[in-house]
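Trainee: Pasting the sequence and the predicted model now:
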Amino acid sequence: MPKNQPSELIATIQVGSNDPAGNVVINVLAISVEYVIYEIEHSDVNNQIKVLVDGVTQASELMVTARFNTVKQRYIEAKGLLGKTSNYGMMKHRIAHTLSTCLSTDDVDGINEFDELIATITKEHEAMVTNRVIYLIPCMIATLCLFVTCLLLLEQRQMMTPTWLIISSLLAASLGGSISILAKTKMLNFEEFKTKKHYFLLGTERIFLSFVAAAIMFIGIKSGLLFPTLLNESYWPMMMMIVVSGFSESFVPGILDKVNHQTTSQQRKIQ
């Protein structure tokens, strides 16, 4: 009678143990009497999922191995897409579940199962890239429009006019905000919302925050409360401070706290 317990070799595949190749097992994704699908500690995400087959009999082992060989190319292709997904945890379990289904029975069209899984992963990756582009569109439009406006003002010899100061300050803020947005795109989850307008609104909110920070910095510098010596030196140091304010949303609140502290101290001295 066939055994209903995993073989001794398969039973050794446990979290924290070493597999026959000496790899450290960090997760068991699927286990059966004659095979185990597990995850190892490895720097390359494509090599983290492993399969070990140890049949009850030689005939059954050959049968499971034949099933695996049928879908092996699709399985490797699916693993190769793991590096492109932002939800690695869910995708590795889906790959393991699909492979486990293919190894357990001959009634499943394994190639078709993996083709559907690969199509799903590819579609989700394409949607993630699209959402990232939509998130970046507001800052790209704002920066481009402000840059073109500055060029037009230069052609009209309106440099250093009030209009020029405002537009160039907004451009400096958008440059700082764009750098911040681009630097943080890798840390954001672009599969969180199903509708694409959410990402456009998030991008608009972030560039608007840069403009607000720039406006506060501009008013603070022009009023003399912030960096009073900047205006005495030249125009460009002020622009650099506005770029920094657009880049870091925490920069301006920190400065406002400092101004509030200075104002409070002055009021106490007057009293």
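Mentor: On my side now, so go ahead. Numbering: from 1, shown residues only.
Trainee: Break this structure into its domains for me.
Mentor: What automatic domain parsing lists as the domains of the chain is 8-108, 126-270.
Trainee: worst average pLDDT in those?
Mentor: Lowest mean pLDDT within the domains of the chain: domain 126-270, a mean of 78.
Trainee: circling back to that earlier point, need the domains of the chain in a markdown table with mean neighbour count and distance to residue 118, can you?
Mentor: C-beta coordinates here come from the backbone N, C-alpha and C atoms, glycine included. Output for those, formatted as a markdown table (neighbours: other CB atoms under 10 Å; distance: least, CB to CB, whole Å):
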| stretch | mean neighbour count | distance to residue 118 |
| --- | --- | --- |
| domain 8-108 | 16 | 5 |
| domain 126-270 | 16 | 13 |
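Trainee: Name the SS class of the nearest residue to residue 11 once chain neighbours are set aside, please.
Mentor: Of all residues not flanking residue 11 in the chain, residue 5 sits nearest, at 7.7 Å (CB to CB, 6 or more residues apart in numbering). Under the three-state scheme (DSSP: H, G, I helix; E, B strand; the rest coil), residue 5 adopts coil.
Trainee: Neighbours of residue 5, how many?
Mentor: 9 (other CB atoms under 10 Å).
Trainee: Can you tell me how far it is from residue 34?
Mentor: 11 Å (CB to CB, to the nearest Å).
Trainee: now residue 159
Mentor: Residue 159 is 78 Å from residue 34, by CB to CB.
Trainee: Let me know the pLDDT of the residue nearest to residue 11.
Mentor: Predicted confidence (pLDDT) for residue 5: 73.
Trainee: so it sits right up against residue 32, yeah?
Mentor: No: using CB atoms under 8 Å, residue 5 makes no contact with residue 32, being 10.5 Å away.
Trainee: What segments of the chain are strands?
Mentor: Applying DSSP state E to the chain gives strands spanning 25-31, 35-40, 49-53.
Trainee: Centroid-nearest residue for the chain?
Mentor: Centroid check for the chain by CA atoms, centre = their mean gives residue 186 as the closest residue, at 3.3 Å.
Trainee: how close does residue 74 get to residue 107?
Mentor: Taken as CB to CB, the span from residue 74 to residue 107 is 17 Å.
Trainee: Over to residue 117?
Mentor: If you go by CB to CB, the gap between residue 117 and residue 107 works out to 18 Å.
Trainee: for residue 205, same thing?
Mentor: 51 Å.
Trainee: quick one, what contacts residue 40?
Mentor: 19, 23-26, 47-50 (CB atoms under 8 Å, 6 or more residues apart in numbering).
Trainee: And these, which is closest to residue 95?
Mentor: Nearest to residue 95 among those: residue 49, at 6.5 Å, using CB to CB.
Trainee: I figured residue 39 hits residue 51, correct?
Mentor: No: counting by CB under 8 Å, residue 39 stays clear of residue 51, with 11.0 Å between them.
Trainee: Just confirm residue 164 contacts residue 153, I think it does.
Mentor: Yes: with contact defined as CB under 8 Å, residue 164 reaches residue 153; the gap is 5.2 Å.
Trainee: wait, isn't residue 128 in contact with residue 190?
Mentor: Yes: with contact defined as CB under 8 Å, residue 128 counts as touching residue 190 (4.5 Å).
Trainee: OK, contacts around residue 68?
Mentor: Counted by CB under 8 Å, 6+ apart, residue 68 has contacts 35, 51, 53, 75, 99, 102-103.
Trainee: Can you tell me how far it is from residue 93?
Mentor: Taking CB to CB as the measure, residue 68 falls 18 Å from residue 93.
Trainee: How much space separates residue 110 from residue 98?
Mentor: 8 Å.
Trainee: swap that for residue 63, sorry
Mentor: 19 Å.
Trainee: Can you name the residues that contact residue 181?
Mentor: Residue 181 sits in contact with 135-136, 139, 203, 206-207, where contact means CB under 8 Å, 6+ apart.
Trainee: Using a markdown table, lay out those residues together with distance to residue 239.
Mentor: Supplementary listing: these in a markdown table, determined by distance: CB to CB, whole Å:
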| residue | distance to residue 239 |
| --- | --- |
| 135 | 26 |
| 136 | 23 |
| 139 | 18 |
| 203 | 23 |
| 206 | 20 |
| 207 | 18 |
